[in-house]
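In: what follows is a predicted protein model with its sequence.
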Amino acid sequence: MDNKQIEIPLQLYNNGPGQKTGNFHIKKLDELPLMAYHPKAHRHDFFEIIYVTEGEGTHVIDFKSWNIEQGSVFLIHPGQVHYWQTKFVSGYALIFQEESFISSSNSTAHNQSLDLLFLLGQQNAIYLDTQAQLAFEKQLVTIKKEYDSENEYRNILFQAYLNILIVFLSRIKEKKSLINPEKKDILLKFKKLVIENYKTEKAVSFFADNMGMSVNNLIKTIKSITGFSPGQILRHELSMEARRLLVHTDLTTAEIAYELHFEDPSYFSRFFKRETGHSPSQFRKNFFFTRS
């Protein structure tokens with residue numbers, strides 16, 4: 001299979017009913033452009049929540065395979081590479097950019113937005129039980145009906161509906177989380193900063209300064225929650241992007257090194273070998289061998 005990634009722009013979804021909504025879309029999967037759930041690897045610069053009402057197979061997100069089944073919710077953040085291994089899947093896709101749900105300085109809305117980023121960054125799939133499926137799908141049907149209408153002020157409703165879904169999924173995730181709320185807020189802010197800056201900023205001090213913390217305090221807090229240091233999390237994000245570019249683009253190792261702001265290709269190769277146990281060329285070759 002040709003694994004070279006394609007970029008899917010948000011404008012691709014600006015067709016048919018709801019085309020005036022701009023940064024927010026909800027579509028049934030059979031209404032999406034074929035490439036949006038094609039087996040070809042792709043990525044985009046927006047968030048996506050996919051809910052499966054029926055289907056089977058696997059959904060691969062950043063090299064991890066998730067089962068496709070009724071009640072699956074897949075959460076994909078900007079920059080992640082994903083593709084489908086399925087002959088049939090039906091359901092809904094919510095496509096939106098960050099400004100669709102960060103519309104207020106209100107602390108509650110802000111924390112809900114960070115919760116979503118946390119969900120997207122930590123777990124790409126949630127499997128709903130029967131009761132949760134009924135409640136979640138009811139919300140999606142309501143949102144889709146509004147989306148297909150020509151009613152005024154519907155963008156305001158979309159922001160409210162999206163926050164409801166965020167809270168719904170956050171509560172399911174929180175049942176398994178015992179993180180202190182204050183520490184969780186620090187983790188969420190750190191994760192957001194990493195996602196925004198990992199290509200250009202490789203010093204933990206940059207993140208500590210931006211969070212108004214000392215380096216030692218940031219290290220202690222993040223490690224107590226995750227078991228990993230801030231540096232380890234930052235290097236993981238960087239190596240993940242390197243893996244995406246090696247597998248899903250035709251860029252050379254040198255071009256990837258400069259794309260990720262390494263001083264020179266040899267330094268990048270040493271970094272990649274240390275993080276993954278493979279050289280860039282070995283990783284690229286081994287991936288295609290296992291996919292053939």
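Out: Nice, thanks for sending it over.

In: distance of the spatially most central residue of the chain from residue 96?
Out: Nearest to the mean C-alpha position of the chain, counting by Cα atoms, centre = their mean, stands residue 77 at 2.0 Å. Residue 77 is 11 Å from residue 96, where distance means Cβ to Cβ, to the nearest Å. Where you see a C-beta, it was placed from the backbone N, CA and C, and this is true even at glycine.

In: between the two, what contacts are shared?
Out: Jointly contacting residue 77 and residue 96 under the rule Cβ atoms under 8 Å, 6 or more residues apart in numbering are residue 47.

In: any regions of the protein where pLDDT drops low?
Out: 1-22, 33-39, 99-121, 174-179, 288-292 (pLDDT under 70).

In: the strands in it, which residues?
Out: Secondary structure of the chain (DSSP state E): strands at 6-7, 24-28, 42-43, 47-61, 64-67, 72-76, 82-96, 125-127.

In: between the ones you listed, which gets nearest to residue 233?
Out: Nearest of the strands of the chain to residue 233, taken as Cβ to Cβ: strand 64-67 at 16.9 Å.

In: pull the number of nearby residues for the closest residue to residue 206 other than its chain neighbours.
Out: Once flanking residues are discounted, residue 206 sits nearest to residue 197: 7.1 Å by Cβ to Cβ, 6 or more residues apart in numbering. Applying other Cβ atoms under 10 Å, we find 15 residues neighbouring residue 197.

In: hmm, residue 203 and residue 197 touching each other?
Out: No - look at residue 197 against residue 203 with Cβ atoms under 8 Å: they stay out of range, at 10.3 Å.

In: rewinding a little: any chance of the strands of the chain in a markdown table, plus mean neighbour count and distance to residue 213?
Out: Compiled in a markdown table, these are given as follows (neighbours: other Cβ atoms under 10 Å; distance: least, Cβ to Cβ, whole Å):
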| stretch | mean neighbour count | distance to residue 213 |
| --- | --- | --- |
| strand 6-7 | 12 | 36 |
| strand 24-28 | 22 | 34 |
| strand 42-43 | 19 | 32 |
| strand 47-61 | 19 | 27 |
| strand 64-67 | 14 | 31 |
| strand 72-76 | 22 | 28 |
| strand 82-96 | 19 | 31 |
| strand 125-127 | 17 | 31 |
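
In: shouldn't residue 219 be in contact with residue 211?
Out: No - if you go by Cβ under 8 Å, residue 219 and residue 211 don't touch, sitting 11.9 Å apart.

In: circling back: how much space is there between the residue nearest to the centre of the chain and residue 27?
Out: 19 Å.

In: check residue 259 too.
Out: For residue 259, the distance to residue 27 - Cβ to Cβ - is 32 Å.

In: list the buried ones in the longest helix seen in the chain?
Out: In the chain, assigned by DSSP state H, the helix with the most residues is helix 154-174. Residues of helix 154-174 classed as buried: 154, 158-159, 161-163, 165-166, 168-170, 172-173 (neighbour count, 16 or more other Cβ atoms under 10 Å).

In: got the contact list for residue 76?
Out: Applying Cβ under 8 Å, 6+ apart, the residues near residue 76 are 47-50, 61, 82, 120, 124.

In: what sits closest to residue 268 if chain neighbours are left out?
Out: residue 257 (3.6 Å).

In: right, and the one you found touches residue 251 too?
Out: No - contact status for residue 257 versus residue 251: not in contact, 9.4 Å apart, counting by Cβ under 8 Å.

In: and these two? Which one has more around it.
Out: residue 257 (23 against 13).

In: what residues are up against that one?
Out: 264-265, 267-269.

In: switch to 10 Å and redo it
Out: Shown in contact with residue 257 (Cβ atoms under 10 Å, 6 or more residues apart in numbering): 242, 245, 251, 263-269, 271-272, 280.

In: how near is it to residue 194?
Out: Distance from residue 257 to residue 194, by Cβ to Cβ: 20 Å.
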